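**Q** This is a predicted model, with the sequence first.
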Amino acid sequence: MRSHQPYENKIDFALCCDPAATLLISPERGRLNLCSMQIRLMVLDPGHFHASLVQKEMYTELARRVSVYAPLGNEVLDYLNRVRAFNARRDDPTNWEIDLHTGADFVERMIEERPGNVVVLSGRNRPKIDRIEAAVKAGLHVLADKPWIVSPADFPKLVSLLNEAEKRDIAAYDIMTERFEITSILQRELVNDEGVFGKLLDGRDTEPAVTARSVHHLMKMVAGAPIRRPAWFFDVNEYGEGLADVGTHVVDLVQWTAFPDQVLDYRNDIRLLAAEHWPTILSQTQFERVTGEREFPQSVAAQVKVGKLEYFCNNSVDYTLRGVHVRLSILWEWEAPEGTGDSYEATFRGSKSRIELRQGREERFVPELYIVAESSPHEVFEKLRRKVSALNATYEGLAVEMAAGEAHLVIPERYRVGHEAHFAQVTRQFLEYVKAPRTMPAWEKANMLAKYFVTVKGVELASASAMSVAGD
């Protein structure tokens, strides 16, 4: 029998627990039996706040007791505090119970003890693919936050593990929250309405048919609390550059919108054209504010120049997807100005119109959809009204507003549920696949491979391009 590091019993209960959020430190191993009627979660090393957002709501399929396997430290304490806050909130509180397992061999212990049948992963990106692989080989379903890989060297592992999951009837699912954003859903509907949009253009290098720009911020509030990022977040070898990380959402939305429910082949349907990367500069004061660390860690020492960190988190990439020219920009800035936040803007160019998602000052930094006719505006806008009328069967209250020769889609506020709420929507979809893995459509696996091919190969191309410029 493998010897285990003892359970840590010295957690500050005042910090991470109260009567509304029971923390169970149990030295009894392997005593938690699976309920035949409920799915039980195991949370593995929750190093990113997205893990806690999966538990912002309760689910009828899930047992309320969750087993957490992680090294004891600030990251798991942050996770516990967020779950405690969900349990203690006044409106619609959750009632999670946490069974905490700590120790250096937490991955091996989870696999051996297995008090659940679903693993949630969110945190360190570089080892994530190996942890997912271990879970799948142990017969466990996996709900994992992006990105699953940050290096092209790990792409074959992704291919192998998705094949293994399919063979074993295991649900291995990527948390793509942006598919549940109402503006993304409606942009997809309009792009695929030939009367409104026409045919998606191929575009060209100088004028892509699809452009998208995503801006995130290092310092922000999440679930009402200021974010605390671990120091390793700023090590691009561990966490990945912007395209490899948050860029997964953008690449996914392009595929999901332009070629809905279609199987994409990364070997034949994608051609990378150009890529770049550049840093966001952080002072020591900013680094300490967001991480709590007074010094830059040794892992990023090579990127510290004149006392400031060059964090290579910004990327651009140009590629073709089935001949359609795509240009993406992924940016990380320090902190959003007052009244703003993370943003996403995207334009799809069709033969009849452009469908534009804007989120600038004129939109009060709220994502809004616009339809710009390229030809026969009277016909395009008449077809638009008919389309919106049909969409009202699902999204009651949608309307078209005309201004300055373009159409604005008016979206009722009740559909704008916000980023944090999307985690529950993803989780509910995932639970359906856990109950019936073979209902997961074939395009999910194929398009996941296509997505990660673009992200990791795009970062690789950016690095090669930078080295080439430096050599010149």
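**A** Arrived safely, thanks for sending.

**Q** ok, longest helix in the chain?
**A** helix 442-471 (DSSP state H).

**Q** quick one: low-confidence ranges for this structure?
**A** Scanning the chain for pLDDT under 70 picks out the ranges 1-37, 223, 468-472.

**Q** So which residues of it form helices?
**A** Under DSSP H, the chain gives helices at 13-16, 50-53, 74-88, 106-113, 128-137, 155-168, 182-191, 194-197, 236-239, 247-258, 284-291, 377-391, 419-435, 442-471.

**Q** Run the angle between the longest one and helix 155-168 for me.
**A** Spelled out, it's helix 442-471. Taking axes from the mean of the first three to the mean of the last three Cα atoms, to 10 degrees, one finds that helix 442-471 is oriented at 170 degrees with respect to helix 155-168.

**Q** try the fourth one
**A** With the same axes, to 10 degrees as the basis, helix 106-113 and helix 155-168 are set at 10 degrees to each other.

**Q** May I have helix 106-113 as CSV, with CA atoms only?
**A** Output of helix 106-113 as CSV, limited to C-alpha atoms (Å, rounded to 0.1, in the frame of the first residue of the first chain):
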residue,chain,number,x,y,z
PHE,A,106,-3.1,14.4,-4.7
VAL,A,107,-3.5,13.2,-8.3
GLU,A,108,-2.6,9.6,-7.5
ARG,A,109,-4.8,9.7,-4.4
MET,A,110,-7.8,10.9,-6.3
ILE,A,111,-7.4,8.1,-8.9
GLU,A,112,-6.9,5.5,-6.2
GLU,A,113,-9.6,6.6,-3.8
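
**Q** can you give me the offset of that helix from its chain's centre?
**A** Taking Cα atoms, centre = their mean, to the nearest Å, one finds the center of helix 106-113 at 26 Å from the center of the full chain.

**Q** Which positions in that helix come out as buried?
**A** By neighbour count on 16 or more other Cβ atoms under 10 Å, the buried set for helix 106-113 is 106-107, 109-111, 113. The C-beta positions use only the backbone N, C-alpha and C, and glycine is treated the same way.

**Q** ok, back up a step: tell me which strands and helices the longest helix of the chain is in contact with?
**A** Packed against helix 442-471, as judged by 3 or more Cβ pairs under 8 Å, 6 or more residues apart in numbering; DSSP states H and E, are the following elements: helix 155-168, helix 247-258, strand 270-282, strand 308-321.

**Q** Ok, which of these comes nearest Ala436?
**A** helix 155-168 (13.8 Å; Cβ to Cβ).

**Q** which residues touch the residue nearest to Gly323 when sequence neighbours are not counted?
**A** Leaving out its chain neighbours, the residue that sits closest to Gly323 by Cβ to Cβ, 6 or more residues apart in numbering is Asp202, at 5.3 Å. Residues near Asp202 by Cβ atoms under 8 Å, 6 or more residues apart in numbering: 209, 323-325.

**Q** Now render the helices and strands packed on helix 442-471 as JSON lines, adding mean neighbour count and distance to Phe180.
**A** Formatted as JSON lines, the helices and strands packed on helix 442-471 follow (neighbours: other Cβ atoms under 10 Å; distance: least, Cβ to Cβ, whole Å):
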{"stretch": "helix 155-168", "mean neighbour count": "16", "distance to Phe180": "22"}
{"stretch": "helix 247-258", "mean neighbour count": "24", "distance to Phe180": "11"}
{"stretch": "strand 270-282", "mean neighbour count": "17", "distance to Phe180": "25"}
{"stretch": "strand 308-321", "mean neighbour count": "21", "distance to Phe180": "22"}
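
**Q** Tabulate those in TSV, adding columns for distance to Asp91.
**A** Formatted as TSV, the helices and strands packed on helix 442-471 follow (distance: least, Cβ to Cβ, whole Å):
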stretch	distance to Asp91
helix 155-168	37
helix 247-258	28
strand 270-282	36
strand 308-321	35
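
**Q** what's the closest of the ones you listed to Arg354?
**A** Taking the helices and strands packed on helix 442-471 one by one with Cβ to Cβ, helix 247-258 is closest: 13.3 Å.

**Q** quick check: angle from the closest one to strand 270-282?
**A** Calculated by the same axes, to 10 degrees, helix 247-258 forms an angle of 140 degrees with strand 270-282.

**Q** ok, and what's touching helix 247-258?
**A** Contacts for helix 247-258 (Cβ under 8 Å, 6+ apart): 146-147, 174, 176-179, 184, 187-188, 191-192, 200, 210, 212, 214, 264, 315, 317, 321, 324, 326, 328, 330, 344, 346, 348, 447, 450-452, 454-455, 458.

**Q** please redo it, this time with the cut-off set to 6 Å
**A** Contact with helix 247-258 is made by 146-147, 176, 178, 184, 188, 191, 200, 210, 212, 214, 326, 328, 330, 447, 451, 454-455, as judged by Cβ atoms under 6 Å, 6 or more residues apart in numbering.
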